[in-house]
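Participant: any chance you can model this:
(one chain, ligands or ions: 2)
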Amino acid sequence: MTDLSAVRAALKSQRIETPSWAYGNSGTRFKVFRQEGVPRDPYEKLDDAAQVHAATGVAPVVALHIPWDRVDDYAALRAHAEERGLTLGAINSNVFQDDDYKLGSVTNPDPAVRRKALGHLLDCVDIMDATGSRDLKLWFSDGTNYPGQDDIAARQDRLAEALEAVYRRLGDDQRMLLEYKLFEPAFYTTDVPDWGTSYAHCLKLGPKAQVVVDTGHHAPGTNIEFIVAFLLREAKLGGFDFNSRFYADDDLMVGAADPFQLFRIMHEVVRGGGLRPETGVAFMLDQCHNIEAKIPAIIRSVMNVQEATAKALLVDAGALAAAQSAGDVLEANAVLMDAYNTDVRPLLASVREELGLHPDPMAAYRASGWQQQITTGRVGGEQAGWGA
Ligand code: RM4
Ligand code: MN
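Facilitator: Ligands and ions are numbered 1, 2, ... in the order given. Below you'll find the predicted structure:
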């Protein structure tokens, strides 16, 4: 039997980190559709994030992206966050939007470009010191487009050298999370294409280096929950960049395309103890809201993660273990499916009420009047967006 009070407690203590860039304008390669009321600077992004937290009660952490969220005074930005009950989360580095990085950043054949990229990564750690962030998230667009373009193994050496320099710079309570992605923008080789490459680098670096799993960064059909189970077992799962996809790196709302996959992932997280705060698994979103309203989309995404988590927590672990050890394939599968097929919305509504929140975060946001306020209030200035 599942202990319902433990389920409720776990749901109350889960924290979901929202990304600053999801509050700004974004688009595909073809068009950015601007929305009314979009933040003009990182401070306004935090104001929007505070609304997501107010509606859900579980989203008090906001990830930043440098240089998109560059400010003169990070201590002031941190104070702005704290005044709203927020903290600043992962610092996402950006070594993919500069002409110099055409042939790569830390793996570039030109040592001057490598020095510049490393300089940016180290600057990001300085920013973490000021923002109080625990995590540096590294994603490299580095790779090649044509066979023979560069030396694959030499690029690994250059990558390892940069990662080591960043690792040495980390404070005692800081971590670096190394993200992988199968392809894009490079189309022949990618320097960190998969979890194995990330894991191997992190293992060599030490305990402060961990793998981050962006759910949109795999080949179709990849069993992501296997990766999660493996990394958790090795204490190398730093966290998630949650989003969902039908084709490639679609960055749609988490749980929208494949809620069953999200459940299977969360089942492995629960099974491996990854919900316990001391394991340090960060539940981050990494999404873009191109055609849908942004703040409600982020609220919906937080709810989707909560629903998958609730279902995973409802798996009868005792019954599952018994069926598994008896070799009862059908019963084991049924135990899992029973949990997946449970409607957890009433449970989550009552958990929210216990937290003093509205049972329906979407309705709470609609009733708050915030959308009207920003639509009429945020006029003039430059809207924040992808690349700015
Ligand atoms: C990358 C990667 C990073 C994210 C950027 C915006 O594809 O997923 O995590 O920071 O996009
Ligand atoms: Mn990501």
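Participant: in contact with A6, which residues?
Facilitator: L313 (C-beta atoms under 8 Å, 6 or more residues apart in numbering). Any C-beta I mention is one placed from the backbone N, CA and C, and that applies to glycine too.
Participant: look up which helix or strand it falls in, please.
Facilitator: Counting by DSSP states H and E, the element that carries A6 is helix 4-13.
Participant: restricting to C-alpha, output that helix in PDB.
Facilitator: Provided in PDB are the C-alpha atoms of helix 4-13 (Å, rounded to 0.1, in the frame of the first residue of the first chain):
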ATOM      1  CA  LEU A   4      -0.700   8.800   1.000                       C
ATOM      2  CA  SER A   5       0.700  11.300   3.600                       C
ATOM      3  CA  ALA A   6       4.200  10.600   2.300                       C
ATOM      4  CA  VAL A   7       2.900  11.200  -1.300                       C
ATOM      5  CA  ARG A   8       1.400  14.500  -0.200                       C
ATOM      6  CA  ALA A   9       4.600  15.600   1.600                       C
ATOM      7  CA  ALA A  10       6.700  14.700  -1.500                       C
ATOM      8  CA  LEU A  11       4.400  16.800  -3.700                       C
ATOM      9  CA  LYS A  12       4.600  19.700  -1.400                       C
ATOM     10  CA  SER A  13       8.400  19.700  -1.200                       C
END
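Participant: quickly list what T190 is bridged to.
Facilitator: With DSSP bridges applied, T190 shows beta-bridge pairing to G143.
Participant: so it touches N145, yeah?
Facilitator: No - the criterion here is C-beta atoms under 8 Å, and T190 misses it with N145 at 10.5 Å.
Participant: of the two, who's got more company?
Facilitator: Counted by other C-beta atoms under 10 Å, T190 and N145 do not tie: T190 has more neighbours, with 21 against 12.
Participant: quick one: residues contacting that one.
Facilitator: Neighbour list for T190: 142-143, 181-183 [criterion: C-beta under 8 Å, 6+ apart].
Participant: V71 reaches A79, doesn't it?
Facilitator: No - V71 is beyond contact range of A79, at 11.5 Å (criterion: C-beta under 8 Å).
Participant: how about the residues of the protein by ligand 2?
Facilitator: Listed as neighbours of ligand 2 in the chain under the rule C-beta under 5 Å from the ion: 214, 241, 286.
Participant: and for the first one, nearest residue in space, chain neighbours not counted?
Facilitator: Leaving aside its sequence neighbours, D214 sits nearest to D241 (C-beta to C-beta, 6 or more residues apart in numbering; 3.6 Å).
Participant: assign that neighbour to helix, strand or coil.
Facilitator: Of the three states, D241 takes strand under DSSP: H, G, I helix; E, B strand; the rest coil.
Participant: return the closest of the contacts of T190 with respect to L11.
Facilitator: Comparing those against L11 with C-beta to C-beta places K181 closest, at 30.6 Å.
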